[in-house]
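Enquirer: here is my input, please return the structure:
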Amino acid sequence: MVEELIYRRLLDWLAEDVPFWDATSRLIPEGCRCRAVFLAKERGVAACVEEVAAFLRWLGFAVRQRVASGEEFGEGSVLMEVEGAMRKLLQVERLVLNLLSHACGVATATRRALERARRANPRVRVAATRKTLPGLRYFEKRAVEAGGGDPHRLSLSDMVLIKDNHLRYFGSVRAAVEAARRAASFAVKVEVEVSSPEEALEAALAGADVVMLDNLTPEQVRRAVELLERAGLRERVVVEVSGGVTLDNIEEYARAGPDVISMGWITHSAKAVDISLEVVEVIKP
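Expert: Model (predicted):
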């Protein structure tokens, strides 16, 4: 069922590129076939290769997958080999290349952030946020996982996450967390975004499962962890750091002792990996 939904979405995107017919590829006879390879022009981490391969097979192509999601590949690596109708392949080429390049870029950015963070804190997780492009969330979250990261919540339905604008209504962290505890299902975790070490302690005392330290300095993060430890609450609450974290300072934040570092950058600003489709043989009818 999940696969069918993915195929339907990809077909909708394909319809943007081929609303009537392909004015160029129609010059190639329908019976013409070809062999082609997906070639990496630079190193990176593979992501969503299985989804792209399955979609191509569903379209009637024979596909040989050469790398799996999560694997590192080098410049010049062949990610997939494809054989089938040449006209159809050229019609779908840009869609699958865009998706694969972006997904691999997200996975690569996630892997690099995780590597740096774990130099300082081997137990810390690097997580995504909901800063994903509409329609691409499934692929971007899968790419984060391929890079070794945590997808975080997949939608607003997954958990309670009380942010600054919610707090404007409640007036205090404690009131917001207590209201969430009264309303939420036993199966739903409650997270609250705080802006100081003292608010982190307030949130934990009120019963929050996760405390998000938003736009705090590494020194403030360390102070928040210390306050929770003194209160005997550190093992009961997950400490998440978010906001202002970059590849340049992630080690410093990780060293301050959080459980999770979430970064919107790994999805909304990851550089696409340069991947091309190269036809290696034309099989004329």
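
Enquirer: any stretches of the chain with poor pLDDT?
Expert: The model of the chain has pLDDT under 70 over residues 1-2.

Enquirer: tell me where it has strands.
Expert: With strands called from DSSP state E, the chain shows them at 33-40, 44-45, 62-65, 72-73, 78-85, 125-127, 160-162, 190-194, 210-214, 238-242, 260-262, 275-283.

Enquirer: out of those strands, nearest to residue 173?
Expert: strand 190-194 (5.9 Å; C-beta to C-beta). C-beta here means a position set from N, CA and C on the backbone, and glycine is covered the same way.

Enquirer: so what's residue 262 up against?
Expert: 126-129, 152, 212, 240-242, 245 (C-beta atoms under 8 Å, 6 or more residues apart in numbering).

Enquirer: let's see that with 7 Å instead.
Expert: Neighbouring residues of residue 262 by C-beta atoms under 7 Å, 6 or more residues apart in numbering: 127-129, 152, 240, 242.

Enquirer: kindly state the beta-bridge partners for it.
Expert: residue 127, residue 242 (DSSP bridges).

Enquirer: from here on, count from 39
Expert: In the new count, where the first residue is 39, that last one comes out as residue 300.

Enquirer: what about it, distance to residue 275?
Expert: 16 Å (C-beta to C-beta, to the nearest Å).

Enquirer: same deal with residue 290?
Expert: 22 Å.

Enquirer: between those two, which has more neighbouring residues?
Expert: residue 275 (21 against 16; other C-beta atoms under 10 Å).

Enquirer: give me phi/psi at the more buried one?
Expert: When quoted as degrees, to the nearest 10, the phi and psi of residue 275 stand at phi -120, psi 140.

Enquirer: what's the answer for residue 160, then?
Expert: phi -60, psi -20.

Enquirer: got the domain ranges for this protein?
Expert: Using automatic domain parsing, the domain ranges for the chain come out as 40-149+309-321, 150-306.

Enquirer: returning to what we had before: deepest-packed of the strands of the chain, please.
Expert: strand 82-83 (a mean of 27; mean count of other C-beta atoms under 10 Å).

Enquirer: neighbouring strands - and their directions - for that one?
Expert: strand 110-111 (antiparallel).

Enquirer: starting at the chain centroid, how far to the partner strand?
Expert: Computed by C-alpha atoms, centre = their mean, to the nearest Å, the chain-centroid distance of strand 110-111 equals 18 Å.

Enquirer: same thing with stretch 203-218?
Expert: For stretch 203-218, the distance to the chain centre is 29 Å (C-alpha atoms, centre = their mean).

Enquirer: and if you look at stretch 57-69?
Expert: Relative to the centre of its chain, stretch 57-69 is centred 35 Å away, using C-alpha atoms, centre = their mean.

Enquirer: number of nearby residues for residue 64?
Expert: 12.

Enquirer: my error: substitute residue 223 in the last question.
Expert: Residues near residue 223, counting by other C-beta under 10 Å, number 6.

Enquirer: can you check residue 68 too?
Expert: 10.

Enquirer: setting aside sequence neighbours, what's the nearest residue to it?
Expert: residue 125 (6.1 Å; C-beta to C-beta, 6 or more residues apart in numbering).

Enquirer: contacting residues for that neighbour?
Expert: By C-beta under 7 Å, 6+ apart, residue 125 lies in contact with 63-64, 66, 68, 70.
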